[in-house]
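Asks: Here is a sequence together with a model predicted from it:
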Amino acid sequence: MSEQKSKTTLQEYYDNFTEGERLFTGLGQLEFERTKLILNRFLPNQPAKILDIGGATGVYSSWLARKGYQVHLIDQSEKLVQQARHASQNQPDAPISSFTIGDARSLDYPTKSIDVVLLFGPLYHLTEQEERYQALNEAFRVLKRGGILFAAAISRFASAIDGFLSGFINDPVFTEIVKRDLIDGHHRNPTDNLIYFTDAYFHRPADLKKEVESVGFKDVKVFPVEGIGALVTKFEEVWKNEELKDYLLCVIHLTEKEEDIIGISPHLLSVGLKTN
C-alpha cells in the first residue's frame, strides 16, 4: 500500500484541537479516571520525580503535582506547554516543577535521574518503529534503577469500533482510513477533518508489550484503559449516575486481564519496570 501523509500535521492538529477539554467530556472522562486508577497502583511514594513526556496541557502533571510529586512536563507543542503553564499557575500551592518544549527521542535529563516516566502520546505520534524505540530508550536511560514507565498507546481497532459507534462509518473516506489502520496500524487522514486525527501508529496489545520489553523493561503489563466501557451507549447518563459509574469501573477492572478483549479499548496503558 502506497505511503500517504495526513493533510493535518501534528502541530496543526494540536493548534486547532481543544486538547485541554478532551479528558473532561464524553468518553475522555473514563480515560482520565481509569488512567489515574492504574497509575495509583504503581506510583512510588511522594515526592518522587516524574517526567511527563508528551504532557500536553498538563492535566496529568497538575494532578500528580497536587498529590505531592515533583513533576516536569515536556511537549513538542509550544501552545500546549503554555496552556500547561497556565494550569499550573491556577494551583500555586502545588505547581508543576518545570516546562520544556522538547522531543521524546532526545531528553535533556541526566542518566538515572528520574523515578517515573509518563509517555502519554509519543508512542502513537511516532509512526516509525525506530522512532518509538528511540523514545523508549531515552525513557529507559533517564530512569533510575527501580524506576517505572507508563506508556500509552492507541489500539489497532480503535477507529473501526469508533466508526460504527459514532456513525463515521457512513463516510467512505473514513472507511478507507479504517482499512489502513487494520492492515498495518498506520493511521492517515487525507481530509481536513480534525475528528479523524492526524498521522499516528495504532498498536496491537501484544505488540505494545514487545516494544516496551525490547529496550529492557521488565514485568511489562498492558492494561485496557476504557476497556469494554468504550461500548457503552448513553455514556453520559451512566457516568453521571454514581452507582452505575462505580459498577462500570468495577466491570472494566474485572475484565482488564482478559487478553481476548483488551484490544477493544481505544487506549492501552503499558507499565514497565527498570531493574538494571
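Replies: Received the coordinates, thanks.

Asks: Which of the helices or strands spans the nearest residue to Gly68 once chain neighbours are set aside?
Replies: Nearest residue to Gly68, sequence neighbours excluded (C-beta to C-beta, 6 or more residues apart in numbering): Gln46, at 3.5 Å. Backbone N, C-alpha and C define where each C-beta goes, glycine included. For Gln46, there is no enclosing helix or strand under DSSP states H and E.

Asks: contacting residues for Gln46?
Replies: By C-beta atoms under 8 Å, 6 or more residues apart in numbering, the contact set of Gln46 is Lys67, Gly68, Tyr69.

Asks: Tell me the one of those nearest Glu138?
Replies: The closest of the contacts of Gln46 to Glu138 turns out to be Tyr69 (C-beta to C-beta; 20.2 Å).

Asks: Now do the same for the nearest residue to that closest one once chain neighbours are set aside: helix, strand or coil?
Replies: Nearest non-adjacent residue to Tyr69, counting by C-beta to C-beta, 6+ apart: Ile50, 5.1 Å away. Secondary structure, DSSP: H, G, I helix; E, B strand; the rest coil: Ile50 is strand.

Asks: ok, so what distance separates Ile50 from Asp199?
Replies: Using C-beta to C-beta, to the nearest Å, one gets 28 Å for the distance from Ile50 to Asp199.

Asks: For these two, indicate the residue with more neighbours.
Replies: For Ile50 and Asp199, the more surrounded residue by other C-beta atoms under 10 Å is Ile50, and the numbers stand at 30 against 20.

Asks: was I right about the more buried one contacting Leu119?
Replies: No: contact criterion C-beta atoms under 8 Å: Ile50 and Leu119 do not qualify, at 11.8 Å.

Asks: Overlap of the contact sets of these two?
Replies: In contact with both Ile50 and Leu119: no residue, using C-beta under 8 Å, 6+ apart.

Asks: gap between Lys221 and Lys79?
Replies: Distance from Lys221 to Lys79, by C-beta to C-beta: 33 Å.

Asks: helices or strands up against the helix or strand hosting Tyr60?
Replies: Element membership of Tyr60 [criterion: DSSP H and E] is helix 59-66. Helices and strands touching helix 59-66, by 3 or more C-beta pairs under 8 Å, 6 or more residues apart in numbering; DSSP states H and E, are helix 28-42, strand 49-53, strand 70-75, helix 78-89.

Asks: Cool, thanks, signing off.
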